[in-house]
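> fold the following for me, if possible:
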Amino acid sequence: MKAFTNLKIAYKIAALLLMLGAVTIGLVLNSVSTLKHVDKEYDYLTGTTLPNNTELARAYQGVIDMSLSGYQVMYYPGGSERSREAIASELDSYKNAKSRLESIAKSEPYSASAISPIVADLDALHKLTVQAIELGKVDRNEEAGKALATADPKAKAVRAELRRFTTERAAAATKKSAELSDMTSSAVTSMLVTGLLGVVLAVGFGIFIARRTIIAPLMGLESAMRTLAEGNNRIDVNGTDRGDEVGAMAKAVLVFRDNAQEQERLTAAKAQADAEQKMVIETVSSHLESLAHGDLTRPINTEFTGSYVVLKDNFNAAVTSLSDLIQSVTESVRSISSGSTEIEAASEDLARRTESAAASLEETSAAVAQINDRLRTGAEAATRTVGRADQAMVTVGTGRGTAEEAVSAMGRVAESAKGIDSVIEGLDKIAFQTRVLAMNAAVEAGRAGEAGRGFAVVADLVGQLAMRSEEEAKRAREQLTATQNDVEIAVGAVERVDGALVGISSDVSAVHEMLNGLAQDNQAQAAAVQQIASAIGTMDESTQQNAAMVEETSAAARSLNSEVRVLGERADSFRTQARSGSHAAAPVRAPRPVTKAPAKPRAAAPAPKVAAKSPRQSSEHVYQSPIKPLPAAAIPSLVRKSDSWDEF
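Down below sits the predicted model:
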């Protein structure tokens, strides 16, 4: 029991559940075994016995079909289709019935002794029926009828045996089914009763164990915790020697009791520490109030105890260091004020000169830009002129081509005129011969007398026509000669035009080269002026940036003077040991005003954005220039009045 008590609660519950589970598993195993047996018997009954009964019924029907087939063979004529079907049906019925009986005997060995006589009778019936069928096939129906009459008792005996055997098997199956049903009911009832008893016993034992080992100790701890919550720290805690959760809870309650006792002791110690802390806070608060009003002459003289001694020493050291720092700041402010005033004056003068230089550079940049625009315009005009010259050269080339084509065409016309002249000469000769023939014809007609009179008229007309042809050929030759002369004149004119075009082309080429060189020179000058303008623009931008930086430096110097004055005033507001017995130090002098002459206005220079700071601005936001201050000895060299940008 001691070992069970030291087990964890989870293990105790698990043990009780295991016991209940073991009882339940035993009951289930017993019931499963019974149900498996019943299921096995039912499977045999439904899977073997009942199907075999069906097979017996089919074998019974096969015996009937055998007798019926024998009578059908006797009834139908031998050799007919119906007779052959009856013979085949008898054989199939016999084989099926015998196969079913043998299958039953194989699946149920205990039934083989009852089935063997039935099979022997079935074989004998088949022999008798086959004898009758053989007689019926040859239409010996009377003998076949006698044979079937002999076979009918045998068939009846087989059917009776099958009927009896089937009835006995059906009765046995019904009885077996009833027995299995009774067995199943008994198993279910036994399982329910046994299960209820097992559960009741297991639950009762579990409740007893739980009250003995869990509930009673927890109630004891609950009482102890209530007493402890009421403020009674002098109690005894039981169960700390247990190894389960109850023991852990008892140990926790014991820790609560010990902590409550320790808390009571610490409360008393805290009250004493709070009193000391209150005295220290009041003392330090009083001295901090004096420090807030600028009094650095009050160190802490009260005696502190414990760790507060370090606080007192640190406070007194901080006051002393702060007093020394304020004194050093006051002296440094006086030194810085003089240098910052000179820096401010030099910065103002440099700003004026830088603005003037920026304005001059801006005007120069504008003038160079105008020159650059004019040069660019000239370069563009020269480029366009070169383009026009190129077009003129193309036109002259086209004119020369046209003149050459005209000269070639006129040469071809001259050659054609020569051909025409030869043709006209041939026509002239033909006309002359025709006229001679006409004269000969007229002579022959005159010789003929009156009979040749008509022929003479025709010859006269032919002669006249030949004369006119000679005249026309002569005029055509004259006209062709005049045309040839005109063509030669035109050829000469065209050749002179071609020569003029050659001269024009050479002159235009020379002009083109000159214009091309002029355009290239203008473009080179424009590029050079553009570079000059870019360089001047860069110089102007740099000068403007320098001017802005100088103005920012000047503004920073003015802000520095203002902050130095404010810092001096705030430093003078503190009361230190060095001043407590002497007169107050002289305040820091205000910087002398610096007049700023108006600079030459600049058209494009952006105004510098410098935020003017109020003298009352906090010292934490004072402008800090990234440029280191110059020594005072170097400032006069920066503000000489004789300096000028010409010398630069």
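> mind checking which helix or strand Gln277 is in?
Per DSSP states H and E: Gln277 is located in helix 245-292.
> so which elements touch that helix?
Here helix 245-292 touches helix 216-229, helix 308-448, going by 3 or more Cβ pairs under 8 Å, 6 or more residues apart in numbering; DSSP states H and E. For every residue, glycine as well, the C-beta is placed using N, CA and C.
> how far out from the middle of the chain is the longest one?
This points to helix 308-448. 50 Å (Cα atoms, centre = their mean, to the nearest Å).
> one more: the shortest one?
For helix 216-229, the gap between its own C-alpha mean and the chain's C-alpha mean amounts to 64 Å (Cα atoms, centre = their mean).
> Lys154 - how many residues pack around it?
Lys154 has 19 neighbours, counted by other Cβ atoms under 10 Å.
> which intervals of the stretch 201-350 of the chain have sub-threshold pLDDT?
The stretch 201-350 of the chain contains residues with pLDDT under 70 at 210, 212-213, 216, 239, 241, 243-244, 246-247.
> secondary structure class for the residue nearest to Ser290 when sequence neighbours are not counted?
Residue nearest to Ser290 in three dimensions, not counting chain neighbours: Arg298, with 4.8 Å by Cβ to Cβ, 6 or more residues apart in numbering. With DSSP: H, G, I helix; E, B strand; the rest coil as the basis, Arg298 sits in coil.
> and for Arg298, the neighbour number?
Arg298: 14 neighbours (other Cβ under 10 Å).
> please apply the same query to Arg169.
19.
> does it touch Asn52 like I think?
Yes - the pair Arg169 / Asn52 is scored as a contact, 7.3 Å apart, by Cβ atoms under 8 Å.
> spit out the residues that contact the two alike.
Ser111 (Cβ atoms under 8 Å, 6 or more residues apart in numbering).
> picking up where we left off before, so can I have TSV of the helices and strands packed on helix 245-292 showing mean neighbour count?
Output for those, formatted as TSV (neighbours: other Cβ atoms under 10 Å):
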stretch	mean neighbour count
helix 216-229	15
helix 308-448	16
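> want to throw the ones you listed into TSV with distance to Asn259?
What follows is the helices and strands packed on helix 245-292, written out as TSV (distance: least, Cβ to Cβ, whole Å):
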stretch	distance to Asn259
helix 216-229	10
helix 308-448	29
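> out of those helices, flag the one nearest Ala571.
helix 308-448 (4.5 Å; Cβ to Cβ).
> name the helices or strands packed onto that closest one?
Counting by 3+ Cβ pairs under 8 Å, 6+ apart, helix 308-448 packs on helix 245-292, helix 453-572.
> would you turn these into TSV with distance to Glu415?
Rendered in TSV, the data for the helices and strands packed on helix 308-448 read as follows (distance: least, Cβ to Cβ, whole Å):
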stretch	distance to Glu415
helix 245-292	130
helix 453-572	10
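> helix or strand right after the lowest-mean-pLDDT helix or strand in the chain?
When the helices and strands of the chain are scored by mean pLDDT, DSSP states H and E, helix 2-6 comes last with a mean of 57. Past helix 2-6, further along toward the C-terminus, the next helix or strand under DSSP H and E is helix 9-44.
> beyond that following helix, next helix or strand please.
Using DSSP H and E, the first helix or strand after helix 9-44 is helix 50-75.
> buried ones in that following helix?
52-53, 55-56, 59-60, 62-63, 65-67, 69-74 (16 or more other Cβ atoms under 10 Å).
> tell me the angle that helix makes with helix 9-44.
Our comparison of helix 50-75 with helix 9-44, counting by axes from the mean of the first three to the mean of the last three Cα atoms, to 10 degrees, yields an angle of 20 degrees.
> show me what helix 50-75 is packed up against.
Short answer (3+ Cβ pairs under 8 Å, 6+ apart): helix 50-75 packs on helix 81-107, helix 112-137, helix 141-210.
> could you redo the ones you listed as CSV and give each row distance to Asp507?
As requested, the helices and strands packed on helix 50-75 are exported to CSV (distance: least, Cβ to Cβ, whole Å):
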stretch, distance to Asp507
helix 81-107, 132
helix 112-137, 142
helix 141-210, 133
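> least confident of those helices, on average?
Lowest mean pLDDT of these: helix 141-210, a mean of 79.
> packing partners for it?
Looks like helix 141-210 contacts helix 9-44, helix 50-75, helix 112-137 (3+ Cβ pairs under 8 Å, 6+ apart).
> the helices and strands packed on helix 245-292: which one's closest to Ser80?
Between Ser80 and these, the tightest spacing by Cβ to Cβ is seen for helix 216-229, at 103.6 Å.
> if we can go back for a sec, quick one: which of the helices and strands packed on helix 141-210 is nearest Ala510?
helix 9-44 (119.1 Å).
> now the closest one: buried residues?
12, 16, 19-20, 23, 27, 31, 34, 38, 41.
> between the residues you listed, which is closest to Asp182?
Checking those one by one against Asp182 (Cβ to Cβ), the nearest turns out to be Val38, at 9.9 Å.
> now that closest one: how far from Val188?
Noted for Val38: a distance of 10 Å to Val188, by Cβ to Cβ, to the nearest Å.
> for Leu291, same thing?
98 Å.
> just want to know which of these two has more residues nearby.
Per other Cβ under 10 Å, whichever of Leu291 and Val188 has more neighbours is Leu291, with 17 against 13.
> in contact with that one: list those residues for me.
So Leu291 contacts 298, 319 (Cβ under 8 Å, 6+ apart).
> how far away is the nearest residue to Ala406 once chain neighbours are set aside from Ala451?
Excluding its sequence neighbours, the residue lying closest to Ala406 (Cβ to Cβ, 6+ apart) is Val494, at 4.9 Å. Distance of Val494 to Ala451, given as Cβ to Cβ: 65 Å.
> returning to what we had before: what's near enough to touch the residue nearest to Ser290?
Arg298 touches 287, 290-291, 319, counting by Cβ under 8 Å, 6+ apart.
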